[in-house]
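J.: generate coordinates for the sequence data below:
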Amino acid sequence: MRRTRHYQPVVRTTAFGSQRFGIASNSAPGFPAQRDLSGTYTRPVSSLAADTKRAVRGWIPADLSRAQKVTAVALVLIAVQVAFRAWAVFGGWFYTDDFVFLSDFARDGISWSSVLGPHDAQVMPLGLGLAALASLPGGFAWPIAALEIMVLQALASLACWFALRTLFGDRPAIVWLLAWYLTSALTVPSDMWWAVALNQLPLQIVLFGAIATHVLYLRTRLLRYASATTLLLVVGYLAYVKTLVVPVLLVLLTLAYFAKGRLRGRALGSLRTFWPAWLMYGVVTAAYAGIYLAVAPSINSLGDDTDYAGLAETVLTRTLLPGLVGGPWRWEMFNDPVQVVFPPALAATASAVLVGLVLAFALLTRRRAARALVLVATSLVFSYALLATSRAEFLGALVGREPRYIADVFALTVLAVGAMFLPIVGATEPSEPRDPPLLSWAPPRPLLVALGLVVGLGGVWSTLTYVAPWHDDFPTRAFVGTAVDELEGNPGRPLADEPVPDPVMWANTHPYHKPSYLLAPVGDLFATPRAATDLSVLNDDGMIRAAHVPEGIHAELVGTPGCGVLVDRPRTFAFGQTVHDYPGQWLAMSYLGSGNGRVTVRTGERTDVVDVRRGPHTLFVDVEGDIETIEVRPVGDVTLCVDRIVVGDLEPSL
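T.: Below is the predicted model of the structure:
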């Protein structure tokens with residue numbers, strides 16, 4: 001007699017934990033049973049999905065707990081992300097501000113003052129210390145800088161996982177939140193640009209870590225967790241001024257989830273209960289604020305021309321909302337290789353609708369879901385205020401299309417979305433289902449999985465398209481690479497210290513747009529004298545070319561037969577008009593030397609001693625101030641036959 005198998009009804013739950021919809025069936029999990037003509041249940045041929053599930057289960061030991069499985073998947077995801085980002089980062093190179101770090105350490109050496117001093121209105125000794133470490137080998141050691149970025153990114157990813165499991169426990173839902181953070185393109189610009197990574201990645205590490213350790217303190221009241229949070233704040237203050245928002249977020253988190261009553265009662269109760277933590281956080285925050293205001297030059301101002309509304313609209317609708325759902329999908333080149341978001345209009349609108357629907361679902365089905373929005377809004381307003389009072393005055397609303405300025409906002413959003421749908425372990429008032437719910441519908445699991453895959457794959461695609469220009473020979477990389485190769489093949493050449501093209505280094509970075517600064521890490525290969533014979537200059541491609549002054553204001557020469565003007569004693573030459581001081585103007589004097597020696601050249605209030613050589617050559621002097629005459633005085637027995645003196649723009653020869 002055939003033995004029949006009986007199955008218990010199965011109740012499936014959504015990923016949100018408590019919104020249940022019952023689908024009772026007499027089927028085994030993963031294998032829908034069917035009744036044959038005899039009334040006996042039989043198993044059909046398994047589907048591809050079921051075969052895949054069985055294969056995966058075969059790879060995982062059966063005795064692993066759910067927490068161990070969640071941990072294993074999380075660590076695998078982090079390893080994959082780090083490998084992917086390593087491919088992206090090691091294929092990149094230095095860009096603009098990176099050269100400021102390398103130049104300062106190459107020219108001035110590494111000292112406590114160079115590490116502890118301010119940089120571009122930032123007090124960032126942690127970042128400057130890492131920059132100093134990368135400068136130690138000399139030259140342009142990108143592998144060391146890239147390794148620093150990857151270590152920081154790995155720590156940030158691990159900190160995100162630590163925060164998620166601390167807040168919500170080892171439940172499968174945190175894997176989806178972690179994957180969201182790991183795949184998002186909003187954090188990619190913080191990886192590709194070294195100078196940005198030295199600020200942003202420590203901030204993300206501190207944000208995740210401080211929230212996790214603070215929650216552990218709120219649960220246990222053990223001072224070691226408050227001390228750990230304080231230490232993390234110190235690390236953050238050593239890296240980035242935006243760390244100032246972290247203690248504010250800790251206060252709001254405490255009031256929202258670990259207190260009861262009205263706002264005044266919550267505040268007083270939290271102050272009485274958790275005062276040791278507030279004291280420690282307050283002391284280090286006040287100390288940092290005082291130091292920052294004392295030593296950092298301010299670049300903040302309230303410009304009359306700042307488009308505040310346009311900036312807010314750009315940050316929210318073009319950068320943050322599309323980025324939350326896998327965007328921006330498309331980028332626009334700003335200054336090669338740096339790009340800004342340029343999402344398709346339809347996709348930007350759809351992303352806003354989708355985020356709105358998710359928020360509406362959370363508010364209609366969960367109590368206290370709106371409290372998490374307060375945390376995100378606070379962080380976003382803080383970032384917006386910094387942009388509106390600094391960068392936006394010069395770049396306008398365009399600066400709002402730079403994801404690097406809100407990467408930390410997205411990091412916080414990952415935790416906030418978790419707090420909307422999942423209860424924070426140990427919280428006094430966690431998020432919980434509404435009873436009865438204002439909306440009884442719950443999204444089916446396949447829809448949630450599909451949405452997660454779309455967001456993740458969109459983030460990967462957006463990452464790939466952003467990284468591509470960084471792997472090419474973008475202007476700065478091509479120019480500096482060519483210049484270094486040229487200098488290594490022609491060491492010791494006197495080089496005109498003239499600005500490089502704007503796509504290589506912007507003029508507003510003065511003086512770092514000049515070879516003496518830009519190429520300082522290989523400064524032993526060349527010199528940049530203010531006066532020299534047979535000067536060289538870098539052309540727009542970074543190649544060394546002989547310098548010449550094709551046009552300009554000529555000096556009046558009274559010729560000597562067969563020689564031009566004989567300079568065997570001090571000679572003064574007058575120009576036909578006053579030569580005014582303009583950037584990039586050089587004096588070029590063509591001569592025939594009787595031998596090797598020296599001459600002194602007096603232009604205005606400045607006198608230079610210049611080596612001259614036997615035969616035909618050209619002597620160059622960087623002109624300063626207005627001049628009307630030039631005096632040339634031989635040193636020793638050397639004589640010169642001069643046939644041309646002109647002041648004008650220096651150009652590379654063809």
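
J.: ok, Asp336 to Pro475 distance?
T.: According to CB to CB, to the nearest Å, Asp336 and Pro475 sit 6 Å apart. Every residue, glycine included, has its C-beta placed from N, CA and C.

J.: now for the two: what residues contact both?
T.: Residues touching both Asp336 and Pro475 (CB atoms under 8 Å, 6 or more residues apart in numbering): Pro503.

J.: who's more crowded, those two?
T.: More neighbours surround Pro475 than the other of Asp336 and Pro475, with 20 against 17 (other CB atoms under 10 Å).

J.: low-confidence ranges, the stretch 151-300 of the chain, go.
T.: 298-300 (pLDDT under 70).

J.: all helices for it, in order.
T.: Remark: helices assigned in the stretch 151-300 of the chain by DSSP state H, counting those that start in this stretch are 173-183, 189-192, 194-220, 223-237, 245-257, 263-273, 275-295.

J.: rebuild those as CSV, extending it with distance to Ala352 and mean neighbour count.
T.: As requested, those are exported to CSV (distance: least, CB to CB, whole Å; neighbours: other CB atoms under 10 Å):
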stretch, distance to Ala352, mean neighbour count
helix 173-183, 18, 22
helix 189-192, 22, 26
helix 194-220, 25, 24
helix 223-237, 31, 20
helix 245-257, 25, 21
helix 263-273, 31, 13
helix 275-295, 35, 14
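
J.: which stretch among those comes nearest Val537?
T.: helix 194-220 (28.1 Å; CB to CB).

J.: and the closest one, what does it pack onto?
T.: Under the contact definition 3 or more CB pairs under 8 Å, 6 or more residues apart in numbering; DSSP states H and E, helix 194-220 sits against helix 97-108, helix 125-135, helix 142-168, helix 189-192, helix 223-237, helix 245-257, helix 407-421.

J.: who wins for proximity to Pro430 among those helices?
T.: helix 245-257 (6.1 Å).

J.: could you list every helix and strand in contact with that closest one?
T.: In terms of contacts (3+ CB pairs under 8 Å, 6+ apart), helix 245-257 is packed against helix 194-220, helix 223-237, helix 263-273, helix 275-295, helix 370-388.

J.: nearest to Pro491, of the ones you listed?
T.: Using CB to CB as the measure, helix 194-220 is the one of those that comes nearest Pro491, at 27.5 Å.

J.: isn't Arg330 right up against Pro343?
T.: Yes - here Arg330 lies in contact with Pro343, judged by CB atoms under 8 Å, at a distance of 6.0 Å.

J.: out of these two, which sits in the more crowded spot?
T.: With neighbours defined as other CB under 10 Å, Arg330 and Pro343 compare such that Pro343 has more, 24 against 15.

J.: that one contacts Leu324, correct?
T.: No - with contact defined as CB under 8 Å, Pro343 does not reach Leu324; the gap is 11.6 Å.

J.: and for these two, which residues touch both?
T.: With CB under 8 Å, 6+ apart as the test, Pro343 and Leu324 both reach Ser351.

J.: in the stretch 401-550 of the chain, which spans are helices?
T.: Shown for the stretch 401-550 of the chain, the helices assigned by DSSP H, counting those that start in this stretch span residues 407-421, 445-471, 475-489, 515-518.

J.: pick the most deeply packed of those.
T.: Neighbour counts (mean count of other CB atoms under 10 Å) averaged over each of the helices of the stretch 401-550 of the chain peak at helix 407-421, with a mean of 24.

J.: who touches Gly452 in this structure?
T.: If a contact means CB under 8 Å, 6+ apart, then Gly452 has 176, 179-180 as its contacts.

J.: swap in 7 Å and give it another go.
T.: By CB atoms under 7 Å, 6 or more residues apart in numbering, the residues touching Gly452 are Trp176.

J.: same thing with Glu148?
T.: 130, 134.

J.: same question, the one 4 residues further on
T.: The neighbourhood of Leu152, defined by CB under 7 Å, 6+ apart, consists of 197, 201-202, 205.

J.: Asp637 and Asn596, how far apart?
T.: Separation of Asp637 from Asn596 (CB to CB): 11 Å.

J.: of the two, give the one with the bigger neighbour count.
T.: Ranked by neighbour count (other CB under 10 Å), Asp637 and Asn596 place Asn596 first, with 13 against 9.

J.: next up, phi/psi of the more buried one, please.
T.: With angles defined as degrees, to the nearest 10, Asn596 sits at phi -80, psi 140.

J.: wait, doesn't it sit right on His617?
T.: No - counting by CB atoms under 7 Å, Asn596 does not reach His617; the two are 10.5 Å apart.

J.: which residues sit against stretch 367-379?
T.: Stretch 367-379 is contacted by residues 245, 248-249, 252-253, 256-257, 362-363, 408-409, 412-413, 416, 419-420, 429, 431-432, 434 when judged by CB under 7 Å, 6+ apart.

J.: ok, which of the helices of the stretch 401-550 of the chain comes nearest Asp170?
T.: Here helix 407-421 is closest among these (CB to CB), at 13.1 Å.

J.: returning to that earlier point: is it possible to export the helices of the stretch 151-300 of the chain to CSV including distance to Ser653?
T.: Below are the helices of the stretch 151-300 of the chain laid out as CSV (distance: least, CB to CB, whole Å):
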stretch, distance to Ser653
helix 173-183, 52
helix 189-192, 37
helix 194-220, 35
helix 223-237, 52
helix 245-257, 55
helix 263-273, 73
helix 275-295, 47
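
J.: JSON lines for the helices and strands packed on helix 194-220, including distance to Gly552?
T.: Listed next are the helices and strands packed on helix 194-220 as JSON lines, based on distance: least, CB to CB, whole Å:
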{"stretch": "helix 97-108", "distance to Gly552": "31"}
{"stretch": "helix 125-135", "distance to Gly552": "39"}
{"stretch": "helix 142-168", "distance to Gly552": "40"}
{"stretch": "helix 189-192", "distance to Gly552": "43"}
{"stretch": "helix 223-237", "distance to Gly552": "53"}
{"stretch": "helix 245-257", "distance to Gly552": "55"}
{"stretch": "helix 407-421", "distance to Gly552": "50"}
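
J.: which one of those lies nearest to Trp470?
T.: Evaluated with CB to CB, the helices and strands packed on helix 194-220 place helix 189-192 nearest to Trp470, the distance being 5.2 Å.

J.: packing partners for that closest one?
T.: helix 66-90, helix 194-220 (3 or more CB pairs under 7 Å, 6 or more residues apart in numbering; DSSP states H and E).

J.: and the ones you listed: which comes nearest Leu587?
T.: Closest approach to Leu587 among the helices and strands packed on helix 189-192 is made by helix 194-220 (37.8 Å; CB to CB).

J.: tell me which residue lies nearest the centroid of this structure.
T.: Ser190 (2.6 Å; CA atoms, centre = their mean).

J.: residues in contact with the closest residue in space to that residue that isn't next to it in sequence?
T.: Residue nearest to Ser190 in three dimensions, not counting chain neighbours: Gln200, with 3.9 Å by CB to CB, 6 or more residues apart in numbering. Residues near Gln200 by CB under 7 Å, 6+ apart: 190, 404, 407-408.

J.: that'll do, ta.
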